[in-house]
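Asker: After the sequence you'll find the predicted model.
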Amino acid sequence: MDVSVVIPTRDRPEFLALTLRTALWQQDVDSEVIVVDDGSESGTAAVVRQLADSRVRLLRNTGPPGVAGARNCGIGAAMGRWIAFLDDDDLWAPRKLTMQLAAATANRAVWVYAGDVSVDEELRVCSGAPPAPPEQVVADLRRHNAVPAGASNVVVGREVLESVGGFDTALRTSEDWDLWLRLAATDLPTCVPRPLVALRTHPGMASRAVTQVLADVEVVAARHQIPVDRARHQRWAAWMSLQNGQRRVALRHYAAAVRAGDLASIARAAVALVYPRVTRRSRSPMDAWGAEAQTWLDGLRPRSSNQPLAESTAR
């Protein structure tokens, strides 16, 4: 078997259904899909059962709770030579795995990433740009989590993953960054510079857990002895806080960014103070990158207004 796709999930059947469709529409690759239920109370088993696809296995997380423990559970059950990770609210282009495996083989790489876009709840591209090359990504990992789209992007060889260990279950939000640093210490990744991953933006995104993210950044910094870009992380925390309607909290994060050396955040804080709706921006004009992603995303859209997204690619 070529690839084992590991999908951790918990109580998000409305997202999982469409995510599974994109895991199963992968072309020209022998794959299995392992859905790891991290304690769902309802919905997950029904989604898998309705697919009636022998390539999909549903497991209950038997390890520590959380996304890291769920992914590790899936890794332990995987049979593929390569392991791919997919969060239950993200989406893949139909040739994502095929193109990544080809790039890894051509460049003799043991891990590979691609490019991404962000989409709204109607699967319209909001933003995105080509990824940085591998040398830059590895250098930037010492400052921030530089792999675009996080875990949903990466395919890694089973042997090297076993050698560096899985995800750290003590980390709640930066477990992927910690793993990328360990992988980067073994070898450079390779890259497919195409928009093959879509991140769905919604209020329940793990990245909105600002306090936990900032705490985990400090853990990663201390563990790997790296000069993380604290100003960058504080700016991000301010932006997330603004999106959550927490203007006072955002101002505190901008102040922390200034203390970390980012004087430009003085102006950002002023804008946030007088114009709190600054994060409600319209979608960016469609460029070639976004148009390519929109082409495959349109294949997931309902054929009629009454058809749910998750049913639009039914086999």
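Answerer: Nice, I can see it. Numbering: from 1, shown residues only.
Asker: Could you tell me the model confidence score at R277?
Answerer: R277 carries a pLDDT value of 60.
Asker: With L300 instead?
Answerer: If you check L300, the pLDDT there is 94.
Asker: same deal with the one 10 residues further on?
Answerer: In the prediction, the pLDDT value recorded for A310 is 58.
Asker: Now do the helices in the protein.
Answerer: Here the chain has its helices, by DSSP state H, at 13-24, 44-51, 67-77, 96-107, 134-140, 158-164, 175-184, 210-224, 230-243, 247-259, 265-274, 288-297.
Asker: Using TSV, lay out those helices together with mean neighbour count.
Answerer: Where C-beta positions appear, they are placed from N, C-alpha and C, glycine not excepted. Below are these laid out as TSV (neighbours: other CB atoms under 10 Å):
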stretch	mean neighbour count
helix 13-24	22
helix 44-51	17
helix 67-77	23
helix 96-107	19
helix 134-140	15
helix 158-164	15
helix 175-184	22
helix 210-224	17
helix 230-243	21
helix 247-259	19
helix 265-274	15
helix 288-297	18
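Asker: list the helices and strands the lowest-mean-pLDDT helix or strand in the chain packs on?
Answerer: Here the helix or strand of the chain ranked lowest by mean pLDDT, DSSP states H and E is helix 265-274, holding a mean of 77. Counting contacts by 3 or more CB pairs under 8 Å, 6 or more residues apart in numbering; DSSP states H and E, helix 265-274 packs against helix 230-243, helix 247-259.
Asker: one more time with 7 Å
Answerer: helix 247-259 (3 or more CB pairs under 7 Å, 6 or more residues apart in numbering; DSSP states H and E).
Asker: Residues touching the helix it packs on, excluding its own?
Answerer: 231, 234-235, 237-238, 241-242, 265-266, 268-269, 272-273, 276 (CB atoms under 7 Å, 6 or more residues apart in numbering).
Asker: Swap in 10 Å and give it another go.
Answerer: For helix 247-259, contacts defined as CB atoms under 10 Å, 6 or more residues apart in numbering pick out 210-211, 214, 229-244, 246, 262-273, 276, 278-279.
Asker: Quickly note the distance from D89 to V219.
Answerer: Taking CB to CB, to the nearest Å as the measure, D89 falls 24 Å from V219.
Asker: how about the helices of the chain in a markdown table, adding distance to D120?
Answerer: Output for the helices of the chain, formatted as a markdown table (distance: least, CB to CB, whole Å):
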| stretch | distance to D120 |
| --- | --- |
| helix 13-24 | 13 |
| helix 44-51 | 22 |
| helix 67-77 | 23 |
| helix 96-107 | 20 |
| helix 134-140 | 26 |
| helix 158-164 | 33 |
| helix 175-184 | 23 |
| helix 210-224 | 21 |
| helix 230-243 | 13 |
| helix 247-259 | 22 |
| helix 265-274 | 22 |
| helix 288-297 | 11 |
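Asker: tell me, which of the ones you listed is the model least confident about?
Answerer: For the helices of the chain, mean pLDDT drops lowest on helix 265-274, to a mean of 77.
Asker: Kindly export that helix (C-alpha atoms) in CSV.
Answerer: Output in CSV follows, covering the C-alpha atoms of helix 265-274 (Å, rounded to 0.1, in the frame of the first residue of the first chain):
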residue,chain,number,x,y,z
SER,A,265,2.5,47.2,15.7
ILE,A,266,1.9,50.6,17.3
ALA,A,267,0.2,51.6,14.1
ARG,A,268,-1.7,48.3,13.9
ALA,A,269,-3.0,48.9,17.4
ALA,A,270,-4.1,52.3,16.5
VAL,A,271,-6.1,51.0,13.5
ALA,A,272,-7.6,48.3,15.7
LEU,A,273,-8.7,50.9,18.2
VAL,A,274,-10.5,53.2,15.8
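Asker: Compare the helices of the chain and give me the one nearest H202.
Answerer: helix 13-24 (7.9 Å; CB to CB).
Asker: same for the closest one, what does it pack against?
Answerer: Applying 3 or more CB pairs under 10 Å, 6 or more residues apart in numbering; DSSP states H and E, one finds that helix 13-24 makes contact with strand 3-9, strand 31-37, helix 44-51, strand 56-60, strand 90-92, helix 96-107, strand 190-200.
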